[in-house]
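Novice: Okay, structure incoming, though there's no sequence with it:
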């Protein structure tokens, strides 16, 4: 399926849900792994506000792209955000949606 770049250059982005491991099997607690790097995948909830509208997105990011010290309410920049549509069948029910993935988050630098 295709993926599409999302431009957040004019958006204000805040951490709404702190990063946690992306569990792909709730019975075994198996964590998703990035196919390219082998890094553990994380999910983070981001509020992205732009042009008078704000939305909450759950974004998957390799653990190597999540800086330490990310906290609730912190402004961040999103690097390489993409959206991809998905579809699958679970217990005979067809499901579909849009998955969001980024390369990394960048926390504001400390000013002294």
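Specialist: Alright, I've got the coordinates. The structure displayed is predicted, hence computed values, not measured ones.
Novice: isn't there a strand covering residue 87?
Specialist: Yes: assessed by DSSP: H, G, I helix; E, B strand; the rest coil, residue 87 belongs to a strand.
Novice: In terms of helices and strands, where is the closest residue to it other than its chain neighbours?
Specialist: Nearest residue to residue 87 in three dimensions, chain neighbours excluded: residue 96, at 4.2 Å (CB to CB, 6 or more residues apart in numbering). C-betas here are computed from N, CA, C, even on glycine. Assigning secondary structure by DSSP states H and E places residue 96 in strand 93-101.
Novice: Run through the neighbouring helices and strands of that strand.
Specialist: strand 53-62, strand 82-90 (3 or more CB pairs under 8 Å, 6 or more residues apart in numbering; DSSP states H and E).
Novice: ok, the last one: who's next to it in the sheet?
Specialist: According to DSSP bridges, strand 82-90 forms sheet pairs with strand 3-5 (antiparallel), strand 93-101 (antiparallel).
Novice: Including distance to residue 50 and mean pLDDT, could those go into TSV?
Specialist: Putting these into TSV (distance: least, CB to CB, whole Å; pLDDT from 0 to 100) gives the following:
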stretch	distance to residue 50	mean pLDDT
strand 3-5	15	92
strand 93-101	15	93
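Novice: of all these, which lies closest to residue 30?
Specialist: Judged by CB to CB, the one of the strands paired with strand 82-90 that comes nearest to residue 30 is strand 93-101, at 17.6 Å.
Novice: now the strands paired with strand 82-90 in TSV, with mean neighbour count and distance to residue 86?
Specialist: Listed next are these as TSV, based on neighbours: other CB atoms under 10 Å; distance: least, CB to CB, whole Å:
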stretch	mean neighbour count	distance to residue 86
strand 3-5	10	10
strand 93-101	12	5
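Novice: Specify the stretch among the ones you listed that is closest to residue 12.
Specialist: Nearest to residue 12, of the strands paired with strand 82-90 and by CB to CB, is strand 93-101 at 16.9 Å.
Novice: ok, residues contacting that closest one?
Specialist: Applying CB atoms under 8 Å, 6 or more residues apart in numbering, the contact partners of strand 93-101 are 3, 6, 57-61, 81-89.
Novice: Good, we can wrap up now.
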